[in-house]
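1. Generate a structure from the sequence data that follows.
(2 chains)
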Amino acid sequence: MTNAVLAANIRISAEFSKRDAQAGCPFFRCPPYRILYAPSSLSMTFLDQIEPLKQSALVELSAALDLASLEQARVNYLGSNGKFTGLMKQLGALSKEEKPAAGKAINIAKVELEKALAERRTVLELKASLPKDPTDFTLPGRRRPLGKLHPLTQVTEDIVRSFRKIGFVVADGPEVEDEYHCFDALNTPADHPARDTQDTFYLQNPQANAQPSMLLRTHTSSVQIRVMKKQQPPVRIIVPGRVYRRDNADATHNPTFHQVEGLYVDRNVTVGDLKGTVQFVFEDLMGSGTRIRFRPHYFSYTEPSFEIDFSSTLTRKMGKEWLEIAGCGMVHPQVFENVGYDPEIWTGWAFGFGIERIAMIRYGINDIRLFYENDVRFLRQF
Amino acid sequence: MKVTLNWLKQYVDFNWSPEELADRLTMLGVEVEGVQKIGSEFDGVVVAQVITKDKHPNADKLTLCRVNDGMGERQIVCGAHNFNPGDKVPLILPGHSLPPKPGEQPMTIKVGKIRGVESHGMMCSPQELGLGDLVQGILILRKDAKIGQPFSEYLGRTGSDVVYDLEITPNRPDLNSVIGIAREIAAVTGNLLRLPELTQTSSPGSQPVSALVSVRIDDADLCPRYTARVIRGVKIAPSPDWLKSTLEKVGIRSINNVVDVTNYVMLEVGQPLHAFDYHLLQSKAATHPTIIIRRAAEGEKFKTLDGQERKLTSQTLLIADEAKAVALAGVMGGQNSEINPSTVDVLIESAYFKPQNIRATSKKLELRTESSYRFERGGDIGICDWASQRTAQLILETACGTLAEGVVDAYPKPAEPKHIALRHHKVTGLLGIELRPEEIELYLGQLGLKVVNRKPHPVGAGIGASEPVSFLIPTFRVDLKREVDLIEEVARLHGVDKIPATPPRGAIGSNPYDAVHDQLADARRILTGMGLHEAQGQTLISDTAAKLAVAAELAPLSNPLSSDMNVLRPSLLPGLLDAFRHNLSHKNYDVALFELGRTFLRPKSAPEETNAATHEERRVAIALTGQRQPIFWTGADREAKFDLYDLKGLLEEFFDQFGLRGLSYTRRSDSTALFLESATIHLGKSHVGVLGQLLPALAKQYDLRDAVLLAELNLDLLLARRNPGKSFKPLPSFPAIQRDVAMLMPEATSHEAVLQVVKQAKPANLESVELFDVFRGKNVPPSQKSMAYAFTYRSPERTLTDAEVNTAHEKLVAQLKQHLQATVRE
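-> Residues are numbered from 1 along each chain as shown, chains lettered A, B, ... in the order given. You can find the predicted model right below:
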C-alpha cells in the first residue's frame, strides 16, 4: 500500500467517525458513500459484503467500554476465525478480473478497522490507567521537610557576610581563656569588677587548692589579642563566638550568649573609618532606612570609646527612637603596646555586639531563653 | 546618680529644654536612664494663715476655720486640731489636685458641704502633700512664710523641676556630682562654671583647730590625705526646707541639718564627708583627741551606723580615736560617734582613700554606700579641703555654731601635678577630621585642662605644627592618663556626630580560621538539607548529665551559679537530651536535631601547665526521636519511628557529602552509661565518633517515649581528613550486567564481612555491590539470615558478554560460600 492510499484512508476514516458522532446513526443507512468504494464493473456480491461488515465492526469497536470487550470485538472480526478474516478468505474464490479491485477494497477496510481498533485501545487504556476516584489536589502532599539553621547561626552568617564584603575574614579563639587574654592585655585593671567571681566563670584549677586562673571568656575581644600577637598588621578580622557571663537566666540574660567582634588595624585608621564601616554593616544587616549614632562611652580597651545606637522601623515598632546595639572604639594604645604593635604607627578600631540582641530585635523575640530551649516549633520559624 | 535641672542651673547657665538636656548629656557620654518631672504636684497649694478656729456646729471632731490665702478669706472645714489661729499652713484651693499616692488616682479638691457647712479648700498634712510621715496633723509652716506664696516656692522648689537619673561610666568618678555634670555642660556650651564662693574660713575669735584635734595617718598608702575641721556650738535640728527638698528630690532621706549638709556637699562636689560628734571622740590624755587612720586588727569588731556589728580583717581601714574605732574609712561611720540630737561640737572629716581598698572592704562586708561607691571609683584628692570648707560654711548657715580656725590637713605626700602632652597630628590622625590647635585647646580648656610650658610657635610654622602641647590635668580627672585620653575629650566636645563617616577601605584581611568557618557552614547546610533542625545548647551543664557521656576528664567551674550548670559540656549529647525533654514536654514528639559546637575535656595526662589543661574540641551531634516522616494521611509505613538505620543513613550521607570516605563502624559489645547499643566510628585508625540508641532507662528519666538515636562526631578530626575536591568521571557508555545472589548465612556474619570477601575476590569488571534484602523467618533456619545482593558488572571499554560475567560471578559466589559458610538460595 502506498503512502498516498494510507493518507486517503486516514482522511476518510476521520470523516466517518465525525459523521458517525454527529448523526448518531449507523453509516450503512447513507448509501451515497458506498459509491466511493463500489465501481459498478465488479461483482457486487463480495464488495457489497465489505462495507456492512466493516460498519458493524466499527460500531462494535466503538461500543466497547473496556479493554476486555474491545479484545472480544477484535476477535469477533479480526481474529483468525473472525468475520472479517472470513470474508478475506473468500478472496481466493474470486475471478482474476475481480480480485485486484476486491483485494484493494478489503485491504482498505482492514487498515481502517485496525486503525479504529488502535485508537479505541488508546482511549480505553488511558481510561483504564486513571484511578477509580479522581485525585483531590487540595489534600496535603508528602513533605520532605528541610531542617532549619538556628536563628543565631542565621544572624551570625548574615553579619559575617556583610563584613566579608568589605575585606574582613573570620577568626576564632578558645572559649576557655586565661586572665591575660581576657582582661590584662585588654587593659582591664586587676581589681575591675568585671573580673570578679560574681561576674565571670572561673574553672577549677586542676592542681588542688590552687587559685583558679582559667576562665570562660566574657567577650570575644580576647581573640583580638591572640590574633595580634600572632600576626603583624594590617589586621582585618571578625570574630563570632560564644561568651559567658555569670548571670542567672532570665528573659534578657543567659549565662551563655554570642558576640561578634570586629577589629581593623592599619596605618591612618580613624574614627571616621569606624563610623563608615559600622554604618555599612548595619544598613546591610538591618535594611537601608537604618540610622546609627555614636555616643561617647567607656571601655578599658578602646579610647575613645563609643556606644552605638540604631534607629529603624524595628526600633520604632518597639516604641523607641534609639536602641543601644553595640560598643566600639579606637584600640587603646596600651593594648597595642601589650601585643607589640607600635601605637605611633598603627591605629585601629574594634567593635562588638551581641548576636542574641540583634536576633531578638530583628525577629521580635522577647525571651533570650528561647534560643537555648531548641523547641522545634521555635526553630522551624526562621 | 540623680541630679535636678534647677540644681544644675545654680552652677551653669543653659537654656535647653529638659528633653534637650537629656539629649545633650547622652551625646556627651552620660547616659540618661530616666527623666522625672516633679514640682508641678503643688499646683494650687499656697501658704495661708489661720485667722479663726472654731468648733464645727454639727460635728464634734471637726473644726471650722477662716483662713487668709493672700487673696482673701476662705471658710475651711478641717479634721485636725494641731494648729492655732496665726499659724501658717499649706492650703490647697478648690479645683486642684493633691499629689497622687503611688498607684492611685489624684484626688481633686472641690467646694463642698461637710456636715452641712461649706468648705472652700483643704489645709494639708505632710502625708497629703507626699512629704513624709513625720508629723501628725496639719503641716505648720515657718513664721516668716509669705501668705499667698505658692507652696513649692516656699519649699525652695522654684516652680517645677526635673530629676535626671544618670548612668555614670566607671572611668568618670568626677561625674558623680552635680558640679561635675555642670562642668560638662559649661564645657560644651562655653558658659562659665560658677562654683560656690567660700566666704567664711573661720568664725571671729575662734580657737585654732589644731588645738582641738590631731590627725595621725598610720597607713598613708591606704589613706593619702585626711582633713579635719571643727565647728562648736551647733544646734542639731531638722534641715531647712530647701536642703531637705533638694535631698529628697534626688532620693536621699533627710536626717538632720549637719548630716544633711555632709550629704549635700557630697552630691554637689562628689567628695564623701563624715561628721563626728566631737565629744564622743576620746583622748587618752586630758588634751584634745587624735584621729588615727589605721588598719583594723584581725577579727576586730565594729558597730556601724546601721546598727550592724561587723567583723573586720587587717585589710580594713578604720578611722579611730585613741580608744576605739569610730568609722569604717570611706564606707560608713560608727554608731559610737554619730551626730545625735545632743551633739554640740562637730568634727568634719574630708579625706581620700585608696579606691582598691574601699572596694575590697565594701565587697567583703557587703556594705555599699554612696560614700564607698564614690571612693572606690576614685575620688578627687585635690578637693578634700575645699569640700570641708564648703561643708563648714553650710553647717554654719543651717545649724549655727562657730568654726574653729584653719584645718588639720594630713597630706604626707601631695600628689604631683600631672601633665599630658598632646600632638596635633595625633588628634586629627585618629579622629579623621581637621581641627585647628586653638579649637583643641579651647575644648580642653573648657574641661579645666590648662596649657603649660607651651613652646613658642616657630616663625613660619603653619597651623598644626607638630610641637606637642602639654596640659595640666586637674586632680578630679583621674581618667586622663595619656595622650589618647585627651583625644577622646576632644572628640566628645567636638561631637562624634560631626565626624564624617568614611566608606570602608583598607587591607584585605587574612586568618587561617576563615576557611574553617565555611567548612562548618558546609556541615550545617548538609545536615539541614537532610531535615535536621539546628540546636544551640548550653555550654554549662550539670556534672551528672556530663558523666553520662564521659566518666572522667570533666572541666568543672570553681564558681558555678548552680549545680545544674557546674561543668563545661564534655559532649553535645546531654544538651540534645535536654532539648528533647523540653520538646517532649511540649508535645513535640517527633524531633530531629543536630548541634555543632565546642566541647571541653580536661585530659588526665595534660601537662601541669594550666593553660593547656582544657582541651576544646568542635563536635557535631545528631539526635532523632519519634516519627521518621511528617504526619501523612495514608500509607502502611506512615507511622514508622526513627531507628538506628535512619541515623546510620544520615551519617553515611553526611560523610559522603562532606567529602569523607572509608568510615568503619565497630559495634561495642556492652551497653554504656548512655547507650543501649552503640558503635564507634573510625576513619582509618582515628576514632571519630559514636552512634547508638539511648538506654531506655535514661530515656524514661528524661521523659522520652520513643527510641532515641544519638550520634556524635569529632568535627576537628573530620575537617582535617576532609577531601571535598570533586572530579568528573565520564558517564558509562557500555551496558551493565546485573547478577543477584541471595545467601543464607550465620547471624554473626556482618555485611562488612561480605564486602571484605568481595573485595578479596576481586571479580573482573565488578562495578558495584548493593545489599537489597535482609530476611529472617520463613524458610530461613533459626540463627541464620538471608542476605540478597545485587552485583553489577560493567566494562568501560566494551559490552560484556553473558559468558564472561558468568565466569567472574561464579568464582565470586564460590568465594562467598567458602569464606562465609553461606548457602546460596536458588
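
2. contacts, neighbours, all on C-alpha from now
-> Fine.

3. Just the endpoints, please. Distance across stretch A:315-327?
-> Stretch A:315-327 has an end-to-end distance of 18 Å (criterion: Cα to Cα, to the nearest Å).

4. Now that stretch: average pLDDT?
-> On average, the pLDDT along stretch A:315-327 is 86.

5. mind listing what's buried in that stretch?
-> For stretch A:315-327, the neighbour count (16 or more other Cα atoms under 10 Å in any protein chain shown) marks A:315, A:322-327 as buried.

6. out of those residues, which are inside helices?
-> Those of the buried residues of stretch A:315-327 mapping onto helices are residue A:315, per DSSP state H.

7. Just the ones in strands from the buried residues of stretch A:315-327, please.
-> Counted as lying in strands by DSSP state E, out of the buried residues of stretch A:315-327, are A:323-327.

8. can you give me the strands in the stretch 201-350 of chain A?
-> Ranges of strands in the stretch 201-350 of chain A, per DSSP state E, counting those that start in this stretch, are A:214-216, A:235-244, A:256-266, A:291-299, A:302-311, A:323-331, A:347-354.

9. the inter-axis angle of the third one versus strand A:323-331?
-> The one in question is strand A:256-266. Calculated by axes from the mean of the first three to the mean of the last three Cα atoms, to 10 degrees, strand A:256-266 forms an angle of 40 degrees with strand A:323-331.

10. Equivalent analysis for the fifth one, please.
-> Going by the same axes, to 10 degrees, strand A:302-311 is angled at 160 degrees with respect to strand A:323-331.

11. Which elements pack onto strand A:302-311?
-> Using 3 or more Cα pairs under 8 Å, 6 or more residues apart in numbering or on different chains; DSSP states H and E, the elements in contact with strand A:302-311 are strand A:291-299, strand A:323-331, helix B:483-494.

12. Return the distance of it from the chain's centre.
-> Averaging C-alpha positions (Cα atoms, centre = their mean, to the nearest Å) puts strand A:302-311 39 Å from its chain's average.

13. same question for it, mean pLDDT?
-> Mean predicted confidence for strand A:302-311 is 93.

14. neighbouring strands for it, and are they parallel or not?
-> Using DSSP bridges, the strands paired with strand A:302-311 are strand A:291-299 (antiparallel), strand A:323-331 (antiparallel).

15. Pick out the residue of the stretch 251-400 of chain B closest to chain A.
-> residue B:356 (6.8 Å; Cα to the nearest Cα).

16. A helix includes that residue, no?
-> Yes. Residue B:356: assigned to a helix according to DSSP: H, G, I helix; E, B strand; the rest coil.

17. Which secondary structure element of chain B has the lowest mean pLDDT?
-> Using mean pLDDT, DSSP states H and E, helix B:151-154 stands out as the lowest-scoring helix or strand of chain B, at a mean of 79.

18. what packs against that helix?
-> For helix B:151-154, the packing partners by 3+ Cα pairs under 8 Å, 6+ apart come out as strand B:45-56.

19. Point out the other elements, helices or strands, that the strand it packs on touches.
-> Applying 3+ Cα pairs under 8 Å, 6+ apart, one finds that strand B:45-56 contacts strand B:59-68, strand B:88-92, helix B:151-154.

20. downstream neighbour of the second one in the secondary structure list?
-> Right, the one you point to is strand B:88-92. Heading C-terminal from strand B:88-92, the first helix or strand you meet, by DSSP states H and E, is strand B:112-114.
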